[in-house]
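Colleague: How does the following fold in three dimensions:
(2 chains)
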Number of protein chains: 2
Amino acid sequence: MLRLKLAIEYDGTGFRGWARQPGARTVEGELRRAVGELYGTFSELVVAGRTDTGVHALGNVVSVDVLGGPPAARAAEALNTVLPDDVAVRTVEEVPDGFHARFDAVSRSYRFRVWGRRERSVFEARRSLWWPRALDPVELNENAQSLIGAHDFRAFTPTETEHRTFVRTVESAQWAELGENVLAFEITADAFLRHMVRTLVGTMLGGRELAPLLAGRPRSEAGATAPPHGLYLLAVSYPDVSGDSPRTRP
Amino acid sequence: MLRLKLAIEYDGTGFRGWARQPGARTVEGELRRAVGELYGTFSELVVAGRTDTGVHALGNVVSVDVLGGPPAARAAEALNTVLPDDVAVRTVEEVPDGFHARFDAVSRSYRFRVWGRRERSVFEARRSLWWPRALDPVELNENAQSLIGAHDFRAFTPTETEHRTFVRTVESAQWAELGENVLAFEITADAFLRHMVRTLVGTMLGGRELAPLLAGRPRSEAGATAPPHGLYLLAVSYPDVSGDSPRTRP
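Modeller: I've put the predicted structure just below:
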């Protein structure tokens, strides 16, 4: 038995999100099918970030146990030949038996892309939120600075929720120009609430100050939830496993 | 009667090229339908660059005569509401009656995008040529410098041809990094032969020197024709019409 850690990217446009469900095309469904074509025996997939319908990923992380099939060094190439065009495996590593893609993650980074030209773009149509009104990146960035640190984010997730705790710790948050007419918000935190990045973005774009909302205010006081097609799960970080410090799970 | 000059962009993936043809989805067909929805009376569309199937545009130029309908200042916005997601009008200007999008153009610029990561990219799949082998931008750029000036480009167009003259004058040509793992070739010339940019790119990527091929060598001596999905018509230039220097047509 071999435990593999896969870094994957996908264009969320054609998927009903990550989680497998009958009758719907999902990222988990496609990846599971591909793993099944190469490895006769394999475990359930464990994913770091269960992305919603339409959300993209540049570096989501999955762990899976496999038996037989190609070795880790050839697995990315082999999987990419049997995956559809809109999912790709970037890297595959062999990891220790105890590795868990979700519980071991120490931080996640997301990006939200905004297309700021007055005219829509055919190339950004399904990849960025089109926001034809003027935006001030300096002002947006100042607002985003109040996110740094530990806060109660319940204003930024639906009221009907499965979460039990609402405090999350934000390591970095900034707006930057990503290219001509493209502005992006990037945020890294230990973990995120459902719709948290999209609601933070919607609130900032709406010109509302974040600081007063970061102390457990109700959802109704924050702004709109930005649409999923601007959101990308960028990367997931894990502790350095080369040392021999004990890893504990929450 | 109003003559309009439209700068348009389109994602070539879903089109059988520019030129209208029965039973096929084409850029001309979609644009003509949109113009027809807003203006009861309109002329044939004249385009600066008749792009092939799968080729994209960021700044192709079209001229058309219209009667009634929205004024030039509102035409871009109005057209964008009736165009599909993969075609957009960037700007619309009113131009003198004598303006002709093809005959008056003094130069065209194209870009060819290459995705250079070892693994394919889901976001570049239909937008760049995937070239997982190592490329040296400095070496490519040196090779491209021999394109500058007037040359006989018959080696870079199909032998069965509608062209009668093969000399074109290249104003600029260079390779540059456009982003992480993305390399792009950009070229500006007075005009281009069919498949010229794609065959130049295929020849350079194949590691062949261009200089010996620029004196009217046969097609068989140049390299492969790179696929259309990496190619973008970037821009078309016209003489400054504000002065009163006479414009002549070829």
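
Colleague: So which residue is smack in the middle of chain A?
Modeller: The residue lying closest to the centre of chain A (CA atoms, centre = their mean) is residue A:233, at 2.5 Å.

Colleague: Model confidence for it, exactly?
Modeller: Here the pLDDT value assigned to residue A:233 is 98.

Colleague: Next, it: secondary structure please.
Modeller: strand (DSSP: H, G, I helix; E, B strand; the rest coil).

Colleague: Residue A:29: how many residues sit nearby?
Modeller: 18 (other CB atoms under 10 Å in any protein chain shown). C-beta: built from backbone N, CA, C; applies to glycine.

Colleague: Apart from its chain neighbours, what residue comes closest to it?
Modeller: residue A:20 (4.9 Å; CB to CB, 6 or more residues apart in numbering or on different chains).

Colleague: Report the contact partners of that neighbour.
Modeller: A:26, A:28-29, A:32 (CB atoms under 8 Å, 6 or more residues apart in numbering or on different chains).

Colleague: What is the nearest of the residues you listed to residue A:47?
Modeller: residue A:28 (7.0 Å; CB to CB).

Colleague: can you list contacts of stretch A:151-165?
Modeller: A:166-168, A:170, A:193-196, A:199-200, A:203, A:213-219, A:221-222.

Colleague: Revised request: answer the last question for stretch A:216-228.
Modeller: Contacts for stretch A:216-228 (CB under 8 Å, 6+ apart): A:12, A:52-55, A:112, A:129, A:152, A:154-159, A:166, A:195, A:198-199, A:201-206, A:208, A:213.

Colleague: now stretch A:40-49
Modeller: A:18, A:28, A:31-32, A:35-36, A:57, A:60-69, A:100-102, A:105, A:108, A:233, A:236.

Colleague: Among the residues you listed, name the buried ones.
Modeller: Buried subset of those (neighbour count, 16 or more other CB atoms under 10 Å in any protein chain shown): A:18, A:28, A:31-32, A:35, A:57, A:60-66, A:69, A:100-102, A:105, A:108, A:233, A:236.

Colleague: Narrow the residues you listed to those in helices?
Modeller: A:28, A:31-32, A:35 (DSSP state H).

Colleague: Do you know the pLDDT at residue A:118?
Modeller: For residue A:118, pLDDT reads 88.

Colleague: what about it, helix or strand, and which?
Modeller: Under the criterion DSSP states H and E, no helix or strand holds residue A:118.

Colleague: And for residue A:150?
Modeller: Per DSSP H and E: residue A:150 is located in strand A:149-152.

Colleague: Now do the same for that strand: mean pLDDT, whole number.
Modeller: pLDDT averaged over strand A:149-152 gives 98.

Colleague: do stretch A:105-115 as well
Modeller: Rounded mean pLDDT across stretch A:105-115 is 98.

Colleague: Next, see if that stretch gets close to chain B.
Modeller: No - judged by CB under 8 Å from any CB of the partner chain, stretch A:105-115 stays clear of chain B, getting no closer than 11.1 Å.

Colleague: Neighbouring strands - and their directions - for the helix-or-strand element of chain A with minimal mean pLDDT?
Modeller: When each helix and strand of chain A is scored by mean pLDDT, DSSP states H and E, strand A:41-42 comes last, with a mean of 88. Within its sheet, and counting by DSSP bridges, strand A:41-42 is paired with strand A:56-67 (antiparallel).

Colleague: just how off-centre is the partner strand within its chain?
Modeller: Its chain's C-alpha centre lies 12 Å from the corresponding centre of strand A:56-67 when counted by CA atoms, centre = their mean, to the nearest Å.

Colleague: Any chance you could give me that strand in CSV, C-alpha atoms only?
Modeller: Only the C-alpha atoms of strand A:56-67 are listed here, as CSV (Å, rounded to 0.1, in the frame of the first residue of the first chain):
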residue,chain,number,x,y,z
HIS,A,56,-11.5,26.8,-9.5
ALA,A,57,-8.3,25.3,-8.0
LEU,A,58,-4.6,25.8,-8.9
GLY,A,59,-3.3,23.8,-5.9
ASN,A,60,-5.9,21.7,-4.1
VAL,A,61,-4.4,18.7,-2.3
VAL,A,62,-5.8,15.1,-2.2
SER,A,63,-4.5,12.1,-0.4
VAL,A,64,-5.3,8.5,-1.4
ASP,A,65,-4.0,5.0,-0.7
VAL,A,66,-3.3,2.8,-3.8
LEU,A,67,-2.1,-0.7,-4.5
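
Colleague: Could you list the buried residues of the next helix or strand after it?
Modeller: Downstream of strand A:56-67, the first helix or strand assigned by DSSP H and E is helix A:72-82. Applying a neighbour-count criterion of 16+ other CB under 10 Å, one finds A:72, A:75-76, A:78-79 buried in helix A:72-82.

Colleague: residues making contact with helix A:72-82?
Modeller: A:2, A:4, A:6, A:34-35, A:37-38, A:69-70, A:88-94, B:119-120.

Colleague: where in chain A is pLDDT low?
Modeller: For chain A, applying pLDDT under 70 flags the ranges A:241-250.

Colleague: and it, which residues reach chain B?
Modeller: Near chain B, when you scan chain A using CB under 8 Å from any CB, you find A:9-11, A:56, A:76-77, A:80, A:85-91, A:119-123, A:125-127, A:179.

Colleague: who's sitting farthest from the centroid in chain A?
Modeller: Farthest-from-centroid check, chain A (CA atoms, centre = their mean): residue A:68, 30.3 Å.

Colleague: ok, which stretches of chain A are helices?
Modeller: A:27-38, A:72-82, A:137-145, A:196-205.

Colleague: elements contacting the first one?
Modeller: Taking 3 or more CB pairs under 8 Å, 6 or more residues apart in numbering or on different chains; DSSP states H and E as the contact definition, the neighbouring helices and strands of helix A:27-38 are strand A:2-10, strand A:56-67, helix A:72-82, strand A:87-95.

Colleague: So which bits of the last one are buried?
Modeller: If you call a residue buried by 16+ other CB under 10 Å, then strand A:87-95 has these buried ones: A:87-90, A:92-93, A:95.

Colleague: Ok, stretch A:4-16 next?
Modeller: For stretch A:4-16, using 16+ other CB under 10 Å, the buried residues are A:4-13, A:15-16.

Colleague: Any chance of JSON lines for the residues you listed, columns distance to residue A:134?
Modeller: Below are these laid out as JSON lines (distance: CB to CB, whole Å):
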{"residue": "A:4", "distance to residue A:134": "47"}
{"residue": "A:5", "distance to residue A:134": "43"}
{"residue": "A:6", "distance to residue A:134": "41"}
{"residue": "A:7", "distance to residue A:134": "37"}
{"residue": "A:8", "distance to residue A:134": "36"}
{"residue": "A:9", "distance to residue A:134": "32"}
{"residue": "A:10", "distance to residue A:134": "32"}
{"residue": "A:11", "distance to residue A:134": "29"}
{"residue": "A:12", "distance to residue A:134": "28"}
{"residue": "A:13", "distance to residue A:134": "28"}
{"residue": "A:15", "distance to residue A:134": "33"}
{"residue": "A:16", "distance to residue A:134": "35"}
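
Colleague: Appreciated, that's everything.
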